[in-house]
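> Return atomic coordinates for the entry below.
(one chain, ligands or ions: 1)
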Amino acid sequence: MGQTFVPGPVTSLAVAIPFGFLCAYLIVSLVTAFTNIHAHPLSGFPGPRMRAAFEFPNIWSNLKGFGNKDTKRLHDRYGHVVRIAPNTLSFNTARAWQDIYGLKKDRTELAKDPNYYIKGPAVQIVNADQKEHVRIRKLLAPAFSDTALLEQEPLLNHYFNLLVQKLDEKIDGPANGRVDLMSQYNFLAFDIIGDLALGEPFGALENGENHAWMRNFFEGIKFLGVIRFAMAYPVVGLFFQLLQRLKPSFAEKRIAHLAFTKKKVDERLDRITDRKDFLQYILQGGKDRQNSLSHLEILGNSRVLLTAGSETTATQLCGATWFLLNNLITLQRAQSEVRKAFKNAEDITLRSVSAPGTLPFLNAVIEETLRCYPSIPSTLPRVTAAGGAIIDGHFVPENTSVGVHQWSANRSSSNFGAAESFIPERWLLEEAPSLCANDQKDAMQPFSLGPRGCLGKSLAYFEIRSVLSRVLWHFDLELEDESRNWIDQKEFVFWDKPSLWVKLHRKVA
Ligand code: HEM
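So this is what the prediction gives:
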């Protein structure tokens, strides 16, 4: 006969204490949820009750990579402003862009949301507060002026030509013209920004493989989503810390990523050169000011430049190519415009691709790609200051996280006619179809706006116009069947882009 187990006092306590904590946690969560719905300063804003009550539906949606689609669905249902989390409002109008990201009359700006822009040990341009940001931006801005960028033309041309050469080699090689343009564009954008920022080629195009830095970068972005979850739910945070101990590769990749950047920055700082890379501007600008950047700040900002300047531009190159190849009439028009504008490949220069009136249709394709497939489809959140703010005509109480959700703004039928369709002609004054007559063009701000708007916008346009012109000039392209649905992607702040398979043919002379 078996013995009956009678729990002793120690066993009972071991069960009772966690059980007690769990009950207390559940009760506090439910009371908070009830208060969030009925007695919160944002209670009057529209949105689903679950979103008003808890943080996790929003975090979970982003963590799974469906943030863009889920948030847009909420805007379609609830309107221009939606309460997507207890303390978070999402907007989708042109007015909201100005109210949230523009500089105020008293020269202040809405601060970046610290729960999103998680600060590391070093201040860097993207997460710095307003005062620090002004200091850093002043040092970096001269490197991004059109004059400074035009001086970089030989360097840029080297990489543009290398891309064409590598693509051309694929035609006669075993690949028989089949190529993954997503990888090639990523190699190109990373090589360019690596060279511009740190004065040294990274060799991704040359070697034809993703640099470990790039592979780790995307892991890092996904990792940020987990950190945000852990910040909102400390219980998840504890579990996550445990996971890191059990699976050290999680943290190792991040450490390797940081170590690589440090090594490259240190090597560059040790090198005496008169090459005008971005670091040269930072060091020169800091010489006669007490505002120079510390070593840690140089490191932090270099990481930002490498990231901000590679992934975003490569995304646009991929997107524009896919939209073109998916619509043969558009492709033919863009291609014949480029081939007519440039008799010889050498005529394609930074100045010629940017000259007004030279490539109107290609420029319209680029704008429409930025609308339909923005590099950063999600929200870049700010926090309202003491006393609250008027946003898009609504009074928003202080300490609220606010932002424009790019995907929802760009694809909203109240901002754009036939918003879900790719129609480059909407950007051409004389050809815009009547259904696009009321387009709210200012509702699309792919580079954001105001004092924290993109510093690399001119560089991005130079790169995108130059590369698309060259690819369309040199090659005839077909989309491979497996990339027909390429555009259907998950989003983790940036897009999780799969390979973009195309078949290249040399242009018939
Ligand atoms: C199509 C390409 C690009 C897009 C769509 C884009 C978009 C953006 C956006 C939306 C922001 C605002 C971020 C925020 O508010 O947190 C930003 C900031 C920034 N971008 Fe870009 N970007 C692009 C290319 C580049 C390039 C090529 C560089 C060159 C390094 C660059 C450098 C920066 C920097 C330094 C900032 C921070 C500006 C500041 O806080 O003052 N970007 N970008």
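
> Please count neighbours and contacts with C-alpha atoms only from this point.
Fine.

> what about the strands in the stretch 351-500 of the chain?
382-383, 389-391, 394-396, 401-404, 475-479, 491-492, 494-495 (DSSP state E, counting those that start in this stretch).

> Touching the first one from outside, list them.
In other words, strand 382-383. 100-101, 110-113, 398-403 (Cα atoms under 8 Å, 6 or more residues apart in numbering).

> And the buried ones among the residues you listed, selectable in ChimeraX?
Those of those that count as buried under 16 or more other Cα atoms under 10 Å are selected in ChimeraX with:
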select :100,101,110,111,112,113,399,400,401,402,403
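
> Can I get the contacts of strand 382-383 in JSON lines including pLDDT and distance to the ligand?
Converted to JSON lines, those look like this (pLDDT from 0 to 100; distance: Cα to the nearest ligand atom, whole Å):
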{"residue": "I100", "pLDDT": "98", "distance to the ligand": "11"}
{"residue": "Y101", "pLDDT": "98", "distance to the ligand": "8"}
{"residue": "L110", "pLDDT": "97", "distance to the ligand": "11"}
{"residue": "A111", "pLDDT": "97", "distance to the ligand": "10"}
{"residue": "K112", "pLDDT": "97", "distance to the ligand": "8"}
{"residue": "D113", "pLDDT": "95", "distance to the ligand": "10"}
{"residue": "E398", "pLDDT": "98", "distance to the ligand": "20"}
{"residue": "N399", "pLDDT": "97", "distance to the ligand": "18"}
{"residue": "T400", "pLDDT": "98", "distance to the ligand": "17"}
{"residue": "S401", "pLDDT": "98", "distance to the ligand": "14"}
{"residue": "V402", "pLDDT": "98", "distance to the ligand": "12"}
{"residue": "G403", "pLDDT": "98", "distance to the ligand": "10"}
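
> Please flag which of the contacts of strand 382-383 sit within helices.
Taking DSSP state H, the ones among these that sit in helices are 100-101.

> The ligand contacts on the stretch 201-350 of the chain?
Residues of the stretch 201-350 of the chain lying close to the ligand (Cα under 6 Å from any ligand atom) are 305, 308-309, 312-313, 316.

> For I171, give its distance to K503.
Distance, I171 to K503, using Cα to Cα, to the nearest Å: 9 Å.

> Overlap in contacts, these two.
Taking Cα under 8 Å, 6+ apart as the criterion, I171 and K503 both touch 177-178.

> Just give the closest residue to the most centrally placed residue in the chain, not the sequence neighbours.
Most central in the chain under Cα atoms, centre = their mean is I376, positioned 3.4 Å from the mean C-alpha point. For I376, ignoring the flanking residues on the chain, the nearest one in space by Cα to Cα, 6 or more residues apart in numbering is F494 at 5.5 Å.

> same thing with V404?
Setting aside the residues directly before and after it, V404 is nearest to F91 in space (Cα to Cα, 6+ apart), at 4.7 Å.

> nearest residue to G203 other than its sequence neighbours?
D191 (6.4 Å).

> After the host helix or strand of that neighbour, which helix or strand is next? Please name it.
For D191, the host element (DSSP states H and E) is helix 181-198. Downstream of helix 181-198, the first helix or strand assigned by DSSP H and E is helix 204-207.

> give me phi/psi at the closest residue to F361 other than its chain neighbours?
Using Cα to Cα, 6+ apart and skipping the chain neighbours, the partner closest in space to F361 is A334 (6.1 Å). Backbone dihedrals for A334, given as degrees, to the nearest 10, come out at phi -60, psi -40.

> Against R135, how distant is A334?
42 Å.

> Moving C-terminal from the helix-or-strand element of the chain with minimal mean pLDDT, which element do we reach first?
Every helix and strand in the chain was compared by mean pLDDT, DSSP states H and E; the lowest is helix 234-246, with a mean of 63. Following helix 234-246 in sequence order, the next helix or strand is helix 249-270 (DSSP H and E).

> what inclination does that following helix have with respect to helix 181-198?
40 degrees (axes from the mean of the first three to the mean of the last three Cα atoms, to 10 degrees).

> Compute the mean per-residue pLDDT across helix 249-270, please.
Confidence for helix 249-270, expressed as mean pLDDT, is 79.

> which of the residues in the helix or strand just after it are buried?
Next in sequence after helix 249-270, counting helices and strands by DSSP H and E, comes helix 278-287. By 16+ other Cα under 10 Å, the buried positions in helix 278-287 come out as 278-283, 285-286.

> between those, which is closest to the ligand?
For the buried residues of helix 278-287, the minimum distance to the ligand (Cα to the nearest ligand atom) is 9.0 Å, reached by F278.

> one step back: what separates the helix holding D191 from the chain centre, distance-wise?
On the basis of Cα atoms, centre = their mean, to the nearest Å, helix 181-198 sits 16 Å off its chain's mean C-alpha point.

> What about Q165, how many residues nearby?
11 (other Cα atoms under 10 Å).

> same question, L22
Neighbour count for L22, taken as other Cα under 10 Å: 12.

> Helix or strand: which one has it?
Secondary structure (DSSP H and E) places L22 in helix 9-38.

> So, low pLDDT: which residues of the stretch 1-150 of the chain?
Applying pLDDT under 70 to the stretch 1-150 of the chain picks out residues 1-11.

> the helices in it, which residues?
9-38, 49-53, 56-64, 67-78, 94-101, 130-140, 146-151 (DSSP state H, counting those that start in this stretch).

> hmm, back to that, now the buried residues of helix 278-287 as a markdown table including pLDDT?
As requested, the buried residues of helix 278-287 are exported to a markdown table (pLDDT from 0 to 100):
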| residue | pLDDT |
| --- | --- |
| F278 | 88 |
| L279 | 86 |
| Q280 | 86 |
| Y281 | 85 |
| I282 | 84 |
| L283 | 82 |
| G285 | 75 |
| G286 | 66 |
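
> so who does A52 touch?
A52 touches 33, 36-37, 43, 83-87, counting by Cα under 8 Å, 6+ apart.

> let's see 6 Å
37, 85-86 (Cα atoms under 6 Å, 6 or more residues apart in numbering).

> tell me which of these is nearest to S448?
A85 (22.4 Å; Cα to Cα).

> The ligand versus the closest residue to that closest one other than its chain neighbours, what's the distance?
Leaving aside its chain neighbours, A85 sits nearest to R51 (4.8 Å; criterion: Cα to Cα, 6+ apart). Distance from R51 to the ligand, counting by Cα to the nearest ligand atom, to the nearest Å: 24 Å.

> Roughly how far does R51 sit from L293?
Going from R51 to L293 by Cα to Cα gives 41 Å.

> Over to A128?
A128 sits 13 Å away from L293, taking Cα to Cα as the criterion.

> Also N176?
Taken as Cα to Cα, the span from N176 to L293 is 49 Å.

> Highest mean neighbour count out of the strands of the stretch 351-500 of the chain?
Of the strands of the stretch 351-500 of the chain, the one with the most neighbours on average (mean count of other Cα atoms under 10 Å) is strand 401-404, at a mean of 28.

> Can you classify the closest residue in space to L479 that isn't next to it in sequence as helix, strand or coil?
Spatial nearest neighbour of L479, chain neighbours left out: V502 (4.6 Å); criterion: Cα to Cα, 6+ apart. Using DSSP: H, G, I helix; E, B strand; the rest coil, the structure places V502 in strand.
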